[in-house]
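Colleague: coords please:
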Amino acid sequence: MDSLQGHLLIAMPSLEDTFFERSVIYICEHNDKGAMGVMINRPTNIVIDELLDQIGLTKESGLSLDLEGPVLLGGPVDTDRGFVLHTPQEQWVNSEAISDFCMLTTSRDVLNALGTNESPSQFVVALGYSGWSKDQLEQELAENTWLTIPATSELLFCQDHEALWAEATKKLGFDIWQISSQVGHS
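Modeller: Numbering: from 1, shown residues only. Sure, this is the predicted structure:
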């Protein structure tokens, strides 16, 4: 299977009443060892300013950058670890390029820049990640657990987290509620 790095996983409606119900996950890494992604539509009750205060970082006074957006729950793995998806800038040597419009870091350097003039233009801050062992994601795809689409910066950095699942499903070109979750062969 080709790598799904830089794609979005869209939870099938059959995942209702599960942790991943109506989730949208940005795949940051996908190779023969497994996959790792960040859920981008599950806000927590913590705002970015509060998180920065909790870890001892404070926004420079007088700057107008809004850090009142929510910290997201990136997934059920390592929920005490922070991840930042952000637009590319050359100075972030600790960030890994995922696509031409997104980098990922766990380093504090980007967090230190939030609220300053050096901040990435767009970013998502998440706690935890979603992970799959070798062949696990491929099995879930074969079982019709997820649909995939190439990610866009508009979807990745969408601020309306409640509407993101519906917006992502529209990109599929059909009504997701009309497809079956049953696996079969004709």
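
Colleague: so P43 sits against V71, correct?
Modeller: Yes. With contact defined as C-beta atoms under 8 Å, P43 counts as touching V71 (7.5 Å). For the C-beta atoms, the positions are set from N, CA and C on the backbone; glycine is no exception.

Colleague: between the two, which is the more surrounded one?
Modeller: Per other C-beta atoms under 10 Å, whichever of P43 and V71 has more neighbours is V71, with 21 against 15.

Colleague: just give me the neighbour total for the nearest residue to the more buried one once chain neighbours are set aside.
Modeller: The shortest distance from V71 to any non-neighbouring residue, by C-beta to C-beta, 6 or more residues apart in numbering, is to I46 (4.5 Å). Residues near I46, counting by other C-beta under 10 Å, number 15.

Colleague: so I46 belongs to a strand, correct?
Modeller: Yes. Counting by DSSP: H, G, I helix; E, B strand; the rest coil, I46 is located in a strand.

Colleague: residues contacting L15?
Modeller: Residues counted as contacts of L15 (C-beta atoms under 8 Å, 6 or more residues apart in numbering) are E21, R22, S23, T145.

Colleague: and it, how far is that from G75?
Modeller: According to C-beta to C-beta, to the nearest Å, L15 stands 14 Å off from G75.

Colleague: give me the element E167 is part of.
Modeller: Element membership of E167, judged by DSSP states H and E, is helix 164-170.

Colleague: which other helices and strands contact that helix?
Modeller: With contacts defined as 3 or more C-beta pairs under 8 Å, 6 or more residues apart in numbering; DSSP states H and E, the packing partners of helix 164-170 are strand 7-11, strand 24-31, helix 153-156.

Colleague: 6 Å instead, please
Modeller: Judged by 3 or more C-beta pairs under 6 Å, 6 or more residues apart in numbering; DSSP states H and E, the packing partners of helix 164-170 are strand 7-11, strand 24-31.
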